[in-house]
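Asks: just a sequence and a predicted model for now, questions to come.
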Amino acid sequence: MVAFGLCLAWGPARAQAPLAIGWYSTAPFQSEGPAGLTGLDIEMVRAIAARAGHGLAFTRVAYPDLMQDVPAGRRDLASGIAWTAERAAAGRMSRAYRQDVNVLIQRRGGAGQPSAADAAGLLAQLRDSEFRIGVIEGFSYGDPALDAWLADPARGPRVRRSASDAANLRLLLAGEIDGFLAERLSAAALVAASANPRAVEENGSLRIRIPLHLMFSPRVPEATVAAFDAAIAALRADGTLDRIAVRFRAPVLLGLTLNSRWFFVLEVIGTVAAALAGYLAARSGRYSLFGGLVLALTAAVGGGVLRDLLVARHPIGVMSSPIYLQLVLGTVLLAYLVGRLNAALPRLPTGPTGGAWRERLFDLADAIGLGAFTVVGVAVAVGTAGPLWLWGPLLGAITGAGGGIIRDIIRGGGDVPNLKTGFYGEVAVIWSVILSFWLEWRSAVIEREEVLLAVVVTVVGGVLTRMALLRMRAPGLP
């Protein structure tokens with residue numbers, strides 16, 4: 001009993017109260033969802049605090065207020081803070097635990113956009129132009145001269161200071177600013193969730209890399225800061241911080257492909273090719289113009305609709321913009337007019353199937369649609385489902401081959417060689433597996449340029465594989 005009493009008396013004396021940490025909402029770093037408070041910064045700080053032997057008590061605070069609360073001792077610490085001389089004097093800064101990459105978000109296709117590569121170059125161009133820029137009140141953008149210029153009240157309406165990236169995005173879409181500075185991942189997540197993600201884009205040249213620290217109140221003992229520094233070093237050495245970064249960084253960065261201009265071009269190519277293949281299939285079966293439109297629509301959007309219903313994606317891709325239906329309608333009408341014109345001209349050499357040129361054109365268009373939509377399916381898996389190694393091939397196959405299979409079911413009355421003995425969906429599976437595993441392998445360090453190269457290789461590989469198999473005419477192939 002005496003020993004038990006001593007333990008009770010000794011325990012509370014040794015217990016440490018959790019540190020009060022403020023957080024501000026900015027996905028994917030700090031945000032609250034169905035699973036509770038999480039994010040790249042939140043999970044990193046939890047891991048660091050656990051290794052240092054401290055608990056944490058989180059409270060949501062606006063960023064400008066947080067930057068006043070920590071030096072004043074109302075909060076013990078904050079995460080995701082760039083080092084400045086003023087902050088180092090007002091509190092205690094840990095060693096850097098991760099790095100931010102700030103970019104400029106601008107209206108797509110806008111004129112007079114900065115072409116600087118770093119903070120110093122951006123400042124030089126801002127001084128010599130009328131570019132209106134948005135920033136977050138109290139943020140540091142990694143360069144003292146740039147921070148001072150942005151904070152100068154003399155800048156007037158050319159510098160808009162807001163409380164969040166979301167507020168800056170609203171100003172940009174309303175035309176009140178020409179661009180705003182934001183962390184690359186948080187900006188990508190914000191833009192992807194907006195009503196019109198293709199209205200804005202990331203400046204292709206500007207990259208401002210900023211080491212980030214934990215900022216402690218002056219009342220926090222130096223020994224505590226030293227314990228956190230040691231924990232950061234240990235977690236960096238054993239790869240824990242890198243693994244956390246991959247978990248949150250890769251889906252957002254890969255998801256940028258869904259809103260890029262070149263990816264939209266890929267969707268257009270796939271839609272037109274699949275619609276043409278559907279119309280040519282209808283033509284070979286002597287369907288009416290309306291029948292040709294039905295088969296073209298089925299081939300062009302059928303796989304995407306199945307995919308979006310499976311993963312509960314909203315809005316369904318084809319409903320997000322009228323451009324897809326317009327492309328199908330335009331392709332069918334143009335093909336119909338060309339067909340009518342061809343009927344009035346001397347006929348081209350035909351094969352036993354009733355038109356060798358038309359058959360080859362159908363095969364090529366169908367293969368292009370298959371290859372392009374396979375990539376679209378994997379990209380959607382990146383943004384809506386996981387793990388990628390499982391859902392990438394599944395959605396790639398459904399998107400790539402689904403429309404063509406539904407088209408053939410309609411025109412074949414249930415006799416679909418592509419499902420029985422053909423090597424059609426298998427092409428989509430093979431190339432979506434290759435793309436998915438490559439994206440998983442490179443996820444920690446991948447850049448957008450690499451994604452573009454991987455997409456081109458996948459599309460070309462899918463098309464060549466399908467055409468080579470058709471050329472071989474191996475037993476069992478259509």
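Replies: Sure thing, it's come through.
Asks: for the stretch 151-300 of the chain, what spans make up the helices?
Replies: Per DSSP state H, counting those that start in this stretch, the stretch 151-300 of the chain carries helices over the ranges 165-173, 184-192, 222-237, 240-255, 261-284, 289-310.
Asks: what's the least confident stretch among those?
Replies: Among the helices of the stretch 151-300 of the chain, helix 240-255 carries the lowest mean pLDDT, at a mean of 76.
Asks: what's the spacing between the residue lying closest to residue 306 once chain neighbours are set aside and residue 17?
Replies: Closest residue to residue 306 apart from its sequence neighbours, by Cβ to Cβ, 6 or more residues apart in numbering: residue 402 at 4.9 Å. C-beta: built from backbone N, CA, C; applies to glycine. Distance, residue 402 to residue 17, by Cβ to Cβ, to the nearest Å: 57 Å.
Asks: just residue 78 next, same as before
Replies: Distance of residue 78 to residue 17, given as Cβ to Cβ: 18 Å.
Asks: neighbour count winner among the two?
Replies: residue 78 (25 against 9; other Cβ atoms under 10 Å).
Asks: residues contacting the helix or strand that contains that one, please?
Replies: Element membership of residue 78, judged by DSSP states H and E, is strand 77-82. Here strand 77-82 makes contact (Cβ atoms under 8 Å, 6 or more residues apart in numbering) with 19-23, 29-30, 41-42, 44-45, 66-67, 70, 87, 93, 100, 139-142, 210-217, 220.
Asks: just stretch 461-474 next, same as before
Replies: Applying Cβ under 8 Å, 6+ apart, the contact partners of stretch 461-474 are 363-364, 366-368, 370-371, 374, 400, 423-424, 427-428, 430-431, 434, 477-478.
Asks: can you give me the helices in the stretch 1-150 of the chain?
Replies: Going by DSSP H, counting those that start in this stretch, the stretch 1-150 of the chain shows helices at 2-14, 40-52, 63-72, 85-90, 119-127, 144-151.
Asks: mean pLDDT for those helices: which is lowest?
Replies: Lowest mean pLDDT within those: helix 2-14, at a mean of 40.
Asks: return stretch 52-59 as CSV; C-alpha atoms alone will do.
Replies: Extracted as CSV, the C-alpha positions of stretch 52-59 are listed here (Å, rounded to 0.1, in the frame of the first residue of the first chain):
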residue,chain,number,x,y,z
ALA,A,52,9.9,13.5,-28.2
GLY,A,53,7.7,12.2,-25.4
HIS,A,54,5.0,15.0,-25.5
GLY,A,55,1.3,15.0,-26.0
LEU,A,56,-0.5,17.6,-28.1
ALA,A,57,-3.8,19.5,-27.7
PHE,A,58,-5.0,20.9,-31.0
THR,A,59,-7.2,24.0,-31.3
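Asks: gap between it and the chain center?
Replies: In terms of Cα atoms, centre = their mean, to the nearest Å, the centre of stretch 52-59 is found 31 Å from the chain centre.
Asks: that stretch: which residues count as buried?
Replies: 52, 54, 56, 58 (16 or more other Cβ atoms under 10 Å).
Asks: ok, now stretch 164-179?
Replies: The neighbour-count check on stretch 164-179 (16+ other Cβ under 10 Å) flags 164, 165, 166, 167, 168, 169, 171, 172, 177, 178, 179 as buried.
Asks: quick check: bridge partners of residue 104?
Replies: Counting by DSSP bridges, residue 104 is bridged to residue 181.
Asks: can you get me a residue count around it?
Replies: Residue 104 has 25 neighbouring residues, counting by other Cβ under 10 Å.
Asks: just the one 10 residues further on next, same as before
Replies: Residue crowding around residue 114 was assessed by other Cβ under 10 Å; the count is 21.
Asks: ok, now how distant is the nearest residue to it once chain neighbours are set aside from residue 178?
Replies: Nearest residue to residue 114 in three dimensions, chain neighbours excluded: residue 125, at 4.6 Å (Cβ to Cβ, 6+ apart). Remark: distance between residue 125 and residue 178 (Cβ to Cβ) = 12 Å.
Asks: what touches both of the two?
Replies: Between them, residue 125 and residue 178 share these contacting residues under Cβ under 8 Å, 6+ apart: residue 131.
Asks: circling back to that earlier point, which one among the buried residues of stretch 164-179 gets closest to residue 337?
Replies: residue 172 (41.9 Å; Cβ to Cβ).
Asks: neighbours of residue 391, how many?
Replies: Residues near residue 391, counting by other Cβ under 10 Å, number 21.
Asks: residue 320 too?
Replies: Burial of residue 320 is recorded as 16 neighbouring residues (other Cβ under 10 Å).
Asks: now residue 117
Replies: For residue 117, the neighbour count with other Cβ under 10 Å is 12.
Asks: excluding its backbone neighbours, what's nearest it?
Replies: Spatial nearest neighbour of residue 117, chain neighbours left out: residue 205 (5.3 Å); criterion: Cβ to Cβ, 6+ apart.
Asks: now the one you found: phi and psi?
Replies: Main-chain torsions, residue 205, degrees, to the nearest 10: phi -110, psi -30.
Asks: contacting residues for it?
Replies: Residues near residue 205 by Cβ under 8 Å, 6+ apart: 114, 115, 116, 117.
Asks: reformat these as TSV; add pLDDT.
Replies: Putting the contacts of residue 205 into TSV (pLDDT from 0 to 100) gives the following:
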residue	pLDDT
114	88
115	88
116	90
117	91
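Asks: turn these into JSON lines, including distance to residue 284.
Replies: Formatted as JSON lines, the contacts of residue 205 follow (distance: Cβ to Cβ, whole Å):
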{"residue": "114", "distance to residue 284": "54"}
{"residue": "115", "distance to residue 284": "52"}
{"residue": "116", "distance to residue 284": "56"}
{"residue": "117", "distance to residue 284": "54"}
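Asks: still on that earlier bit, for residue 332, find the nearest of the helices of the stretch 1-150 of the chain.
Replies: Closest of the helices of the stretch 1-150 of the chain to residue 332 is helix 40-52, at 46.7 Å (criterion: Cβ to Cβ).
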